[in-house]
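Asker: Any chance you could fold what I've pasted below:
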Amino acid sequence: MPATLTLSDSDAMMPAMKLSSFKQVIVGARVSTSGNPVAQAGDFYTEMESIDSANPPAEISLTIDQIK
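Answerer: Below is the predicted model:
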């Protein structure tokens, strides 16, 4: 870390769940202490809510500063 990522509709896990199909999205990051992909107690994380998917900021900076 740090890491730079770009998210787009091509990153959708399901074709019907594209970022552009939602008015607002939540962007977050999580570091798993167990290595498990499912969020668990003790994981480090952060989230930024209410990102306008039709007019997103050019860049979003996240700081992982919370523990689940």
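Asker: so where do the strands sit in the chain?
Answerer: Counting by DSSP state E, one finds strands in the chain at the ranges 24-31, 44-52, 66-67.
Asker: Residue 4: which of those strands is closest?
Answerer: Closest to residue 4 of these is strand 24-31 (CB to CB; 11.9 Å). (Each C-beta comes from the backbone N, C-alpha and C, glycine too.)
Asker: what packs against that closest one?
Answerer: On a contact count with 3 or more CB pairs under 8 Å, 6 or more residues apart in numbering; DSSP states H and E, strand 24-31 meets strand 44-52.
Asker: partners of the strand it packs on, with directions?
Answerer: In the sheet, strand 44-52 lines up against strand 24-31 (antiparallel), strand 66-67 (antiparallel) (DSSP bridges).
Asker: Adding mean pLDDT, distance to residue 37 and mean neighbour count, write the strands of the chain out as CSV.
Answerer: Shown next, in CSV, are those (pLDDT from 0 to 100; distance: least, CB to CB, whole Å; neighbours: other CB atoms under 10 Å):
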stretch, mean pLDDT, distance to residue 37, mean neighbour count
strand 24-31, 93, 9, 14
strand 44-52, 94, 13, 13
strand 66-67, 96, 18, 11
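Asker: who wins for proximity to residue 11 among those?
Answerer: Closest of these to residue 11 is strand 24-31, at 11.7 Å (criterion: CB to CB).
Asker: So the closest residue in space to residue 49 that isn't next to it in sequence versus residue 43, what's the distance?
Answerer: Counting by CB to CB, 6 or more residues apart in numbering, residue 49 lies nearest to residue 26, which is 4.9 Å off, once chain neighbours are set aside. Residue 26 is 16 Å from residue 43, where distance means CB to CB, to the nearest Å.
Asker: do the same with residue 37
Answerer: Note on residue 37: its distance to residue 43, by CB to CB, is 11 Å.
Asker: Which residue of these two possesses the greater neighbour count?
Answerer: Between residue 37 and residue 43, residue 43 has the larger neighbour count (other CB atoms under 10 Å), namely 17 against 8.
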